[in-house]
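[1] what follows is a predicted structure for the sequence shown.
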Amino acid sequence: MTDNGELRSTHWFGATGRTGMAHRSWMRSEGFTPEVFDGRPVIGIATTWSELAPCNVHLHRVAESVKRGVWQAGGFPLEFPAMALGETLLRPTAMLYRNLLAMEAEELMRANPLDGVVLLSGCDKTTPGLLMAAASVDLPAVMVTGGPMLNGKYQGTDVGSGTAVWRFEEDLVAGRMTQEECVFAEGCMARSNGHCMTMGTASTMASMAEALGMQLPYSATWPAVDSRRYETAQRAGQVIVGLVRQDLRPSAIMTRAAFENAIRVNAAIGGSTNAVIHLLALAGRLGVPLSLDDFDVLARDVPTLLNLQPNGQYLMEDFCYAGGLPAVMRELAEAGLLNAGAITVTGAGIGANVADAPCWNREVIKTMTDPFQPAGTGTAVLRGNLAPGGAVIKQSASSPHLLKHRGRALVFDSPTDYYAVSNDPELDVDEDTVLVIRYCGPRGYPGMPEVSNVALPRKLLLRGVRDVVRICDGRMSGTAYGTVVLHVAPEAAAGGPLALVRNGDWITLDVPARTLTLEVSDEELALRRAQWQPPAPHASRGWVRLYDEHVMQADSGADLDFLVGASGHEVPRESH
């Protein structure tokens, strides 16, 4: 709605004279009849479909279902493309382009005759990118994620996309698996449309959209190829027309209470650490006060309820049939750990949405009294002289014996440098070594890729070692596991203390105490800092230069500094 209560689209399609005639005439060239210009809400369907993003390749079909719902509810649906970001193919990382998607989608929503939007996403960065755009425009919006793939099947067992990759790689290096077996397994891990069916970042962010109230109940878990995925999309098309008529906007839904819900839900499902960086960026668009420490404080009382890979045994298809996210949220609500009154796109509070949610399989979704992992095993926030801006670690994916650890650093300035020597039998490394991989942060790589959980050195794998402490200013895939300290801020490329670590320095990790300490004196660090030189810029032009110059650190969500906040949806000036 505009300030006077009119639909925005009326300024295009209800205009008189040459302006209105031009807008309507060109739309009629697509075959629409004049009735669509009678003042009904115009709903944009932002689709991140692309054959270069396999997780999103079915979104055209999802869009058709959304359109049906919009037509049913008396709206006028118009599909438009937004940048597709797939971690599957994009280099150096899809995260480099999350903010570009958010900026592109924001401008498209504001510049066009739209009264509301349905956001179609799939792979990791498309969900937060579109939510960030919708938050900055603040038009009524509903998210529809594309859903997870069917469970992977290999040699009679379930395998998870992403998660199995790390295990297969280690098995190949250690000689437990042949190259031919790996090639066959590739087709077993990903056997349908949809995003990763582990609790990777795509599944996590779909769950976050539902927990925030921006996605319909059960939307996060229906498999991509399940007919109920398309039923959900059709229902979303109906719902968005009602949201436009009610003028219920993202800013009224994604409140502080909603973010608290999302953080606790992330802890309960053993969600990806990437949720931290995306929720911080999204809160920044809305002006919602949210800090890195909130993810630790709010999660401490929340046990892990979901027995799902990479932390557990099952996969998203099992989670869906066990009761989906509402069954988890009901457990939290009944324990007093959910802000039940937080409004959602259904028009009701989230507590009412999940009050009667059943659970059909307690092996998959555990109870608060008998959790999969106890409270306090979620994402922990670490601080210390090695991470003054903070760092995170996913406790549920870590080895318990390494959560308190002291070891000597073995330092590499890139994953490439590490992998060049990781198979060397003479590499000076043992199970107590702390691997430091740096210059992988927002500026450093650029884009903060998912490279932090580097595979272990071959000499350790051959000895049966399956985990060592790794520290990095980059990210880790939500499908991954290991005792990996992530998102170290400030990053090395910004002159953070990580840039000053040298081989042989002692590092102490104490997760229970939430500390990460480089055992080097302040005086010595000052001397090293005086000798440090920042790396050269990655680009002299284009998006990468803009990104390098304006990206914020991980503890602020790695948004661009000039994109924080919102510009609203004021109707732009006439074009002719």
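    Yep, that arrived.
[2] and residue 456, what's its pLDDT?
    Looking at residue 456, its pLDDT is 95.
[3] next: residue 3.
    pLDDT for residue 3: 59.
[4] do residue 168 as well
    Per-residue pLDDT puts residue 168 at 82.
[5] distance of it from residue 58?
    Using Cβ to Cβ, to the nearest Å, residue 168 is found at 26 Å from residue 58. From N, CA and C alone the C-beta is placed, and that goes for glycine too.
[6] hang on, residue 428 in a helix?
    No. Looking at residue 428 with DSSP: H, G, I helix; E, B strand; the rest coil, it is coil, so not inside a helix.
[7] give me the number of residues near it?
    Residue 428 has 12 neighbouring residues, counting by other Cβ atoms under 10 Å.
[8] where exactly do the helices run in the stretch 451-576 of the chain?
    458-462, 522-531, 542-550 (DSSP state H, counting those that start in this stretch).
[9] which residues are contacting the longest one?
    Surrounding helix 522-531, the residues in contact under the criterion Cβ atoms under 8 Å, 6 or more residues apart in numbering are 385, 495, 497, 500, 502, 518.
[10] can you put these in a markdown table and add pLDDT, neighbour count and distance to residue 293?
    Putting those into a markdown table (pLDDT from 0 to 100; neighbours: other Cβ atoms under 10 Å; distance: Cβ to Cβ, whole Å) gives the following:
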| residue | pLDDT | neighbour count | distance to residue 293 |
| --- | --- | --- | --- |
| 385 | 97 | 16 | 17 |
| 495 | 97 | 14 | 23 |
| 497 | 98 | 21 | 19 |
| 500 | 98 | 23 | 24 |
| 502 | 98 | 12 | 30 |
| 518 | 98 | 23 | 21 |
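[11] now for these: which two are most distant?
    Distances among the contacts of helix 522-531 were taken as Cβ to Cβ; the most separated pair is 495 and 502, at 15.7 Å.
[12] before we move on, the earlier item: would you turn the contacts of helix 522-531 into CSV with distance to residue 180?
    Formatted as CSV, the contacts of helix 522-531 follow (distance: Cβ to Cβ, whole Å):
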residue, distance to residue 180
385, 48
495, 47
497, 45
500, 45
502, 42
518, 44
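[13] which of the residues you listed lies closest to residue 238?
    Checking the contacts of helix 522-531 against residue 238 by Cβ to Cβ gives residue 495 as the nearest, at 52.0 Å.
[14] the closest one reaches residue 532, doesn't it?
    Yes. Counting by Cβ atoms under 8 Å, residue 532 is a contact partner of residue 495 at 6.8 Å.
[15] how close does residue 536 sit to residue 93?
    19 Å.
[16] repeat that for residue 567.
    Taking Cβ to Cβ, one finds residue 567 at 27 Å from residue 93.
[17] those two: which has the busier surroundings?
    Neighbours were counted for residue 567 and for residue 93 using other Cβ under 10 Å; residue 93 has more, 22 against 12.
[18] all the helices of the stretch 251-400 of the chain, residue numbers only.
    256-268, 274-286, 292-297, 316-322, 324-334, 350-354.
[19] pull out the buried positions in the fifth one.
    Pointing back at helix 324-334 there. Residues 324-333 are the ones in helix 324-334 that count as buried (16 or more other Cβ atoms under 10 Å).
[20] kindly report the same for the third one.
    Within helix 292-297, the residues that qualify as buried by neighbour count (16+ other Cβ under 10 Å) are 292, 294-296.
[21] any idea of the mean pLDDT for it?
    97.
[22] which helices and strands does that helix pack with?
    Secondary-structure packing of helix 292-297 (3 or more Cβ pairs under 8 Å, 6 or more residues apart in numbering; DSSP states H and E): helix 256-268, helix 274-286, strand 379-384, strand 387-394.
[23] next: the last one.
    Of the remaining helices and strands, those touching helix 350-354 by 3+ Cβ pairs under 8 Å, 6+ apart are helix 324-334.
[24] tell me the angle of the helix it packs on relative to helix 256-268?
    With axes from the mean of the first three to the mean of the last three Cα atoms, to 10 degrees defining the directions, helix 324-334 sits at 110 degrees from helix 256-268.
[25] packing partners of helix 324-334?
    Using 3+ Cβ pairs under 8 Å, 6+ apart, helix 324-334 sits against helix 201-211, helix 256-268, helix 350-354.
[26] may I have the shortest one as CSV, with CA atoms only?
    Spelled out, it's helix 350-354. Coordinates of each C-alpha in helix 350-354 appear next as CSV, following Å, rounded to 0.1, in the frame of the first residue of the first chain:
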residue,chain,number,x,y,z
ILE,A,350,3.7,-18.9,15.8
GLY,A,351,2.6,-20.6,19.0
ALA,A,352,-0.9,-21.1,17.6
ASN,A,353,0.5,-22.5,14.3
VAL,A,354,2.4,-25.3,16.1
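[27] in that helix, what counts as buried?
    350-351, 353-354.
[28] so what's the gap between it and the chain middle?
    23 Å (Cα atoms, centre = their mean, to the nearest Å).
[29] same question for the second one.
    For helix 256-268, the distance from its own C-alpha centre to the chain's C-alpha centre is 14 Å (Cα atoms, centre = their mean).
[30] run through who's touching that helix.
    204, 207-208, 211-213, 271-272, 275, 279, 283, 288-290, 294-295, 298-299, 302-306, 325, 328-329, 331-332, 337-339, 341-342, 350, 378-379.
[31] mind giving me the ChimeraX select for these, buried ones only?
    Here is the ChimeraX selection string for the buried members of the contacts of helix 256-268, based on 16+ other Cβ under 10 Å:
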select :204,207,208,211,212,213,271,272,275,279,283,288,290,294,295,298,299,302,303,304,305,306,325,328,329,331,332,337,338,339,342,350,378,379
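[32] coming back round to it: closest to residue 22 out of the helices of the stretch 251-400 of the chain?
    The nearest among these, by Cβ to Cβ, is helix 274-286 at 33.1 Å.
[33] now do that closest one: which elements does it pack against?
    helix 98-111, helix 126-137, helix 201-211, helix 256-268, helix 292-297.
[34] swap in 6 Å and give it another go.
    helix 126-137, helix 201-211 (3 or more Cβ pairs under 6 Å, 6 or more residues apart in numbering; DSSP states H and E).
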